[in-house]
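[1] give the three-dimensional model of this entry:
(one chain, ligands or ions: 2)
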Amino acid sequence: MVRFCARCGVEEAQDRPIINGLCPQCYIETKSPIYMPNDIEVVYCPRCYSLKIRGRWIPVSSYEDFMERVSTLITSNIKCRDGNVKILSVKTKLEFEEPKAVVTLTISLAQKAVSVLDYVVRIKWRRSLCPTCFRRAGGTFSAVIQVRFFNYDIRLVNKIKDLVLSREFANDIIEIEDNKWGFDIKVNSPFVAKRIVDVLRRSIKIPSRVVESVGDIRRRRDGKRYGKLYLSLRFINVKQGDYVVYRGRAYTVSVVGEKEVILRDSDGRKVKVKISEFVGGLKR
Ligand SMILES: [Zn+2]
Ligand SMILES: [Zn+2]
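    Ligands and ions are numbered 1, 2, ... in the order given. Take a look at the predicted model:
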């Protein structure tokens, strides 16, 4: 007796066995026996190309080694969750910093049919300096960004650090040094320093203020004076109940809105101030 696929009606054939009442194609479509991740994050060091895998930094010996490890990172997440299905081979096609990879699986179904399946996996490439490259950097820096906060907030600190290290200028960062007010980013070019400040002010949706100064001024052999550029970037992340000195008077922050803050003085009088004015009039 000829068997049919209960879903699409196709007849059983030599290369098309009926498994649990379904043809191979319908079986795969309805049971989705393979788990394939939709997206994956690849963290690598932009200087030495070490990879951060499951929390550990793994050095690589060559470009091929790097790509091979990324492939493994992707395919190690594949799971077969069906006893009728066996993965025969896995092939990955990917390019460095391309946002996706194609994973081709050859599977056998109930030991009777072989199917080839293509999956697209999105890849998020994230740059982050590895600890070794951080240490090695040392040496000369010509600009410092001092990232500071009205209220120290470790989550915000980490968010900003991640952002800085994930961007193209990660390569120009010599050191990130924590302190109790925030952290300092040392870079080798004043141009890059200004660009980082720019990007941070645009990306972090918290009002901020920048004060520029030049320090460590020395005279070079040719008689020109040069110094280090200091950019103090302060995020004014005030919250309700904070005590502030605005335009020489003391207030308690009553409401923090998107465009304005409401301040209360010691007599209980409320003043509404635009964020931009508030940031400008705050005592340093
Ligand atoms: Zn079918
Ligand atoms: Zn590195």
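[2] grab the nearest non-local neighbour of Y251.
    Beyond its immediate neighbours in the sequence, the residue positioned closest to Y251 (CB to CB, 6 or more residues apart in numbering) is L263, lying 3.8 Å away. The C-beta positions use only the backbone N, C-alpha and C, and glycine is treated the same way.
[3] correct me, but that neighbour touches E277?
    No - taking contacts as CB atoms under 8 Å, L263 lies outside contact range of E277: 11.1 Å.
[4] P99 contacts V42, correct?
    No - taking contacts as CB under 8 Å, P99 lies outside contact range of V42: 10.7 Å.
[5] so what sits against both of these two?
    123-125 (CB atoms under 8 Å, 6 or more residues apart in numbering).
[6] what is the neighbour count of the residue nearest to Y251?
    L263 has 22 neighbouring residues, counting by other CB atoms under 10 Å.
[7] and for S61?
    The number of residues packed near S61 is 8, by other CB under 10 Å.
[8] quickly note the distance from it to ligand 2.
    S61 sits at a distance of 14 Å from ligand 2 (criterion: CB to the ion, to the nearest Å).
[9] with E97 instead?
    17 Å.
[10] quick one: residues contacting that residue.
    If you count contacts by CB under 8 Å, 6+ apart, E97 has them with W125.
[11] so it: helix, strand or coil?
    Applying DSSP: H, G, I helix; E, B strand; the rest coil to E97 yields a three-state assignment of coil.
[12] go ahead and confirm T30 touches R7.
    Yes - in terms of CB under 8 Å, T30 counts as a neighbour of R7; the distance is 6.7 Å.
[13] please enumerate the shared neighbours of the two.
    L22.
[14] same question for stretch 204-212, mean pLDDT?
    Stretch 204-212 shows a mean pLDDT of 92.
[15] so which bits of stretch 13-31 are buried?
    Of all the residues in stretch 13-31, those buried under the rule 16 or more other CB atoms under 10 Å are 16-19, 22-28.
[16] Y226 versus R7, what's the distance?
    Taking CB to CB, to the nearest Å as the measure, R7 and Y226 are separated by 76 Å.
[17] typo on my end, Q111
    Distance of Q111 to Y226, given as CB to CB: 75 Å.
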